[in-house]
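A.B. asks: Got a predicted structure plus its sequence, pasted below:
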There are 2 protein chains.
Amino acid sequence: MDTSAAPGSGVGVAVDLVILTLHEGRLSVALVQRGEEPFAGTWALPGGPVGEHEDLDQSAYRVLENEAMIGEESVHVEQLRTFGAPGRDPRGRVVSVAFMALGADLPAPRRGADVADARWWAVEELAGVELGFDHREVLDCALERARAKLEYSTLAVTFLPAEFTVTQLRGVYEAVWGSGLDAGNFHRKATRTPGFVEELDRFAAPTGGRPARLYRAGTGTTLQPPLLRSGEESA
Amino acid sequence: MDTSAAPGSGVGVAVDLVILTLHEGRLSVALVQRGEEPFAGTWALPGGPVGEHEDLDQSAYRVLENEAMIGEESVHVEQLRTFGAPGRDPRGRVVSVAFMALGADLPAPRRGADVADARWWAVEELAGVELGFDHREVLDCALERARAKLEYSTLAVTFLPAEFTVTQLRGVYEAVWGSGLDAGNFHRKATRTPGFVEELDRFAAPTGGRPARLYRAGTGTTLQPPLLRSGEESA
């Protein structure tokens, strides 16, 4: 057989975006309520067809900007996985390249022309809510990826402003992992893991207690040893 | 804008496979020499169009079986990334979903009807060799993924038969990472990392020295702490 596809087989190619942020301290995903069939009235991930002259990343950034007015400088975007089960779109064969976008304090998702509504959903609020297409599976794939990457990469800082406290950083881990972490252990690991965070000579505005030191993202991209999850202490 | 693609935009969707094994002790990839234009005479990854009623994984397993006579039970297959730059196939728009397949002692790649040749290439042999399409980028993506995953997962055992010695396991790391590892340190980390390998009551047939104990894959999927690369010792 041929070693590559002959073009023109008539499949639609789309991108779908799992946009995650911490909204009111909770891990949240941007969803749009569909205004049209199929799945009218149902909440789904924002997405759209890949343009004729666009690379896949460009399509993802375009959707991000159109649906949430988010510029590419403020988010971490990565390709997640491609979903292509034959029946996933009742209108015909559509293969969807899913992306994950993470950012700090992202704006409220925008309500585009043909959607009924758009908003942040706390991930924990979504238990039992039916999503359109195979978007539950796409969302679960993104959550699994985000949870795993927090363990061995410095990805957590993408959820925070440029300067942050260790308490805020711990809040990211707790929100994404959905479990509490010991404050003292976390502080020690976060500040002693090479490349993770860089201490600044500034402090956050006091909120009652003693002022908390500010940090910024370090230069590392991987954590070694990884931050351990709650209860698994090696210190 | 619509939240999903309208089907029928006429894009071709293909799968391409990066099939990796240890062949004669070296990390090797299965390539086919193209028999037809475009890129006639050039080496490229095996692949093919996604069938009308196939999910993407099914296409990958079909190509695997057709091009290398490899059944799905003997390999670890995972989706890698999707490549969709507009000009990547000179015949028209083709989006390719790349998969990585890893296995032990895989058979020689099969020479299909319209390819000129097919064989294992040691990855190090490929420096400077031009591959068809964007397959160099796809290959590099797979190598990066495999190298990274060996660090924090038990993926290395997929390159080995069901029972193996620690020396064989170290050989996988050395071949994939392209660097030597200290035998004593590696032995200690491999056998003391929970879930990585399970000691058996059997020994490999002696090859001159003392018999080497056999191990099989443990039940873990992640390594914590990860095995450190050569030179970065924390023992």
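C.D. replies: Thanks, I have it.
A.B. asks: Now do the strands in chain A.
C.D. replies: Ranges of strands in chain A, per DSSP state E, are A:12-23, A:26-34, A:43-44, A:47-49, A:75-83, A:94-103, A:115-122, A:197-203, A:213-217.
A.B. asks: Serialize those strands to a markdown table and add fields for mean pLDDT, mean neighbour count and distance to residue B:77.
C.D. replies: (Glycine included, C-beta is placed from N, CA and C.) Formatted as a markdown table, the strands of chain A follow (pLDDT from 0 to 100; neighbours: other C-beta atoms under 10 Å in any protein chain shown; distance: least, C-beta to C-beta, whole Å):
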| stretch | mean pLDDT | mean neighbour count | distance to residue B:77 |
| --- | --- | --- | --- |
| strand A:12-23 | 96 | 25 | 22 |
| strand A:26-34 | 96 | 23 | 28 |
| strand A:43-44 | 96 | 24 | 29 |
| strand A:47-49 | 94 | 24 | 26 |
| strand A:75-83 | 96 | 20 | 13 |
| strand A:94-103 | 96 | 26 | 18 |
| strand A:115-122 | 93 | 17 | 33 |
| strand A:197-203 | 95 | 13 | 37 |
| strand A:213-217 | 96 | 18 | 35 |
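A.B. asks: Using CSV, please lay out the ones you listed together with distance to chain B.
C.D. replies: Putting these into CSV (distance: least, C-beta to the nearest C-beta, whole Å) gives the following:
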stretch, distance to chain B
strand A:12-23, 3
strand A:26-34, 5
strand A:43-44, 5
strand A:47-49, 4
strand A:75-83, 4
strand A:94-103, 5
strand A:115-122, 6
strand A:197-203, 19
strand A:213-217, 20
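A.B. asks: Including distance to residue B:80, could these go into JSON lines?
C.D. replies: Formatted as JSON lines, the strands of chain A follow (distance: least, C-beta to C-beta, whole Å):
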{"stretch": "strand A:12-23", "distance to residue B:80": "17"}
{"stretch": "strand A:26-34", "distance to residue B:80": "25"}
{"stretch": "strand A:43-44", "distance to residue B:80": "26"}
{"stretch": "strand A:47-49", "distance to residue B:80": "21"}
{"stretch": "strand A:75-83", "distance to residue B:80": "10"}
{"stretch": "strand A:94-103", "distance to residue B:80": "12"}
{"stretch": "strand A:115-122", "distance to residue B:80": "30"}
{"stretch": "strand A:197-203", "distance to residue B:80": "31"}
{"stretch": "strand A:213-217", "distance to residue B:80": "27"}
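A.B. asks: so which of the ones you listed comes closest to residue B:142?
C.D. replies: Closest of those to residue B:142 is strand A:75-83, at 14.2 Å (criterion: C-beta to C-beta).
A.B. asks: CA atoms of the closest one as PDB?
C.D. replies: Output of strand A:75-83 as PDB, limited to C-alpha atoms (Å, rounded to 0.1, in the frame of the first residue of the first chain):
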ATOM      1  CA  VAL A  75      -1.300  31.200  27.600                       C
ATOM      2  CA  HIS A  76       0.500  27.900  27.400                       C
ATOM      3  CA  VAL A  77      -0.900  25.900  24.500                       C
ATOM      4  CA  GLU A  78      -0.100  22.300  23.600                       C
ATOM      5  CA  GLN A  79      -1.600  19.700  21.400                       C
ATOM      6  CA  LEU A  80      -3.300  17.100  23.400                       C
ATOM      7  CA  ARG A  81      -4.600  14.200  21.200                       C
ATOM      8  CA  THR A  82      -6.600  13.800  18.000                       C
ATOM      9  CA  PHE A  83     -10.100  12.300  18.200                       C
END
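A.B. asks: Check which helices and strands that strand is in contact with.
C.D. replies: Judged by 3 or more C-beta pairs under 8 Å, 6 or more residues apart in numbering or on different chains; DSSP states H and E, strand A:75-83 is in contact with strand A:12-23, helix A:56-68, strand A:94-103, helix A:135-152, strand B:75-83.
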